[in-house]
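One predicted model, sequence on top.
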Amino acid sequence: MSEIENKKPEVEEEESSATTTTTWPDIEEELVIPEVLHSEGVKKLHMSIQTEWDYLQKSACQTAAGRALWKHVIHDPLAHLFAGETHLRNLHTKIQTDRLNNAREVSGVILAVRTLWFDTRIQAALDSFDNDAAQVVLLGAGMDARSYRLSCLNKTDVFEVDFPDVLETKTSLVQAAVKAREELKMTAKSLVRVAIDIRDNHWFEKLKKSGFMPEVNTVWVLEGILYYLSHTEAMQVLNLIAEKCALTSTVLLADFMNKPSATLPNSVFHFYSDWPDQLLPSLGFSHVSLSQIGDPDANFGLLHDPRNLFNKLLRLPRSAQIHPDDGTPCCRLYLVEASGSPPPDNPIENM
Ligand SMILES: C[S@@+](CC[C@H](N)C(=O)[O-])C[C@H]1O[C@@H](n2cnc3c(N)ncnc32)[C@H](O)[C@@H]1O
């Protein structure tokens with residue numbers, strides 16, 4: 001078991017509750033491991049992930065496993081390859097247990113909703129740029145395969161930022177799959193993988209050296225990353241992005257944990273915000289919108305039961321930290337969009 005699997009409840013590894021549900025998602029009862037995961041090259045790479053990566057890096061494969069098993073709603077041609085057999089089996093076992101228990105919240109549902117929410121918002125942000133040049137930066141990209149699955153990126157330069165080990169292995173997995181005769185087509189105009197630790201003070205300079213252009217319309221995607229940073233580190237990243245809004249039209253898409261989510265016993269998480277919709281304007285962002293899992297725009301038909309945890313939380317005030325019914329912590333995940341643009345008549349200089 002990886003370290004993260006011992007913590008609960010989490011976004012990357014969700015818990016479920018044992019009660020009656022009306023509809024079961026269309027997830028396979030027998031896990032089918034695709035042929036590509038049996039090829040020698042791919043097996044070797046996943047072996048080194050299992051033996052050498054820490055829980056933080058492995059979280060990239062856990063999210064890929066979620067997208068692989070929720071394939072009836074997310075078409076990700078690389079998700080199985082990026083997840084690897086161990087992570088697929090771990091999640092599949094949890095889903096089977098949920099099935100046996102008639103769970104109201106099925107493992108992986110938060111991840112599925114989060115993925116679909118980011119997909120929708122990335123597309124809307126790119127549309128808002130009216131065909132002007134655009135770039136998307138995925139901070140903590142992990143095993144994200146949007147450059148191979150979102151057609152809305154066909155005129156967009158994509159930058160994937162993560163630790164060197166993660167990005168090198170990701171590239172090797174793609175190469176090994178191609179060698180095993182998998183057909184892979186990129187949907188993004190271009191893709192650059194930028195190996196940086198975003199806790200490093202010079203990460204933005206390194207991003208620029210890789211071809212990122214601060215004056216080009218930008219969508220920043222911070223999916224499943226902020227809460228792994230300390231408060232200071234997360235604020236530095238958010239402040240830097242806010243500062244760069246002075247140069248170009250910018251959209252920030254990020255998920256935030258609230259305090260109860262990040263401060264459970266043995267939590268691996270650090271940064272949280274109970275009120276990101278107040279935090280981001282204070283940093284200079286405008287047009288901040290916040291959704292919670294289960295909201296009409298963060299539901300995607302996957303959370304029917306009004307008695308499931310997410311729908312119950314929606315009926316409580318956001319200030320509530322403890323559930324009045326059973327004393328459990330009110331763990332929330334906020335999906336937040338914010339934007340920024342240069343002030344009118346502000347010449348671009350010195351930034
Ligand atoms: C939970 S995964 C999310 C991956 C991806 N965004 C997704 O949603 O599928 C978190 C990712 O953030 C990366 N990460 C965490 N801290 C980082 C840091 N300081 N610098 C760069 N990447 C980091 C991890 O390596 C991992 O790939």
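Thanks, I have the structure now.

make it CA atoms for all contacts and neighbour counts henceforth
Fine.

what's the burial count for residue 59?
Look at residue 59: counted by other Cα atoms under 10 Å, it has 24 neighbours.

Report whether it is found in a strand, as I expect.
No: looking at residue 59 with DSSP: H, G, I helix; E, B strand; the rest coil, it is helix, so not inside a strand.

can you pull the contacts of the closest residue to residue 300 other than its chain neighbours?
Spatial nearest neighbour of residue 300, chain neighbours left out: residue 113 (6.7 Å); criterion: Cα to Cα, 6 or more residues apart in numbering. Taking Cα atoms under 8 Å, 6 or more residues apart in numbering, we find residue 113 in contact with 293, 298-300, 302.

what secondary structure does residue 113 sit in?
Classified using three-state DSSP, residue 113 is helix.

ok, now how distant is it from residue 295?
The spacing between residue 113 and residue 295, counted by Cα to Cα, to the nearest Å, is 10 Å.

ditto for residue 30
Taking Cα to Cα, one finds residue 30 at 31 Å from residue 295.

any idea how far the residue nearest to residue 300 is from residue 106?
Using Cα to Cα, we find residue 113 at a distance of 12 Å from residue 106.

same deal with residue 304?
For residue 304, the distance to residue 106 - Cα to Cα - is 12 Å.

Comparing these two, which residue is more hemmed in?
Higher neighbour count among residue 304 and residue 106: residue 106, with 25 against 16, using other Cα under 10 Å.

Within the helices and strands, which one has the more buried one?
Taking DSSP states H and E as the definition, residue 106 sits outside all helices and strands.

where's it relative to residue 323, distance?
20 Å.

and if you look at residue 62?
As for residue 62, its distance to residue 323 is 28 Å (criterion: Cα to Cα).

Briefly note if the host helix or strand of residue 148 comes near the ligand.
Following DSSP H and E, one finds residue 148 within helix 146-149. No: shown here: helix 146-149 not in contact with the ligand (Cα under 6 Å from any ligand atom), separated by at least 9.4 Å.

Which stretches in the stretch 201-350 of the chain count as strands?
Ranges of strands within the stretch 201-350 of the chain are 217-222, 250-257, 286-292, 333-340, based on DSSP state E, counting those that start in this stretch.

Would you convert the ones you listed into TSV that also reports mean neighbour count?
Formatted as TSV, those follow (neighbours: other Cα atoms under 10 Å):
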stretch	mean neighbour count
strand 217-222	23
strand 250-257	26
strand 286-292	17
strand 333-340	23
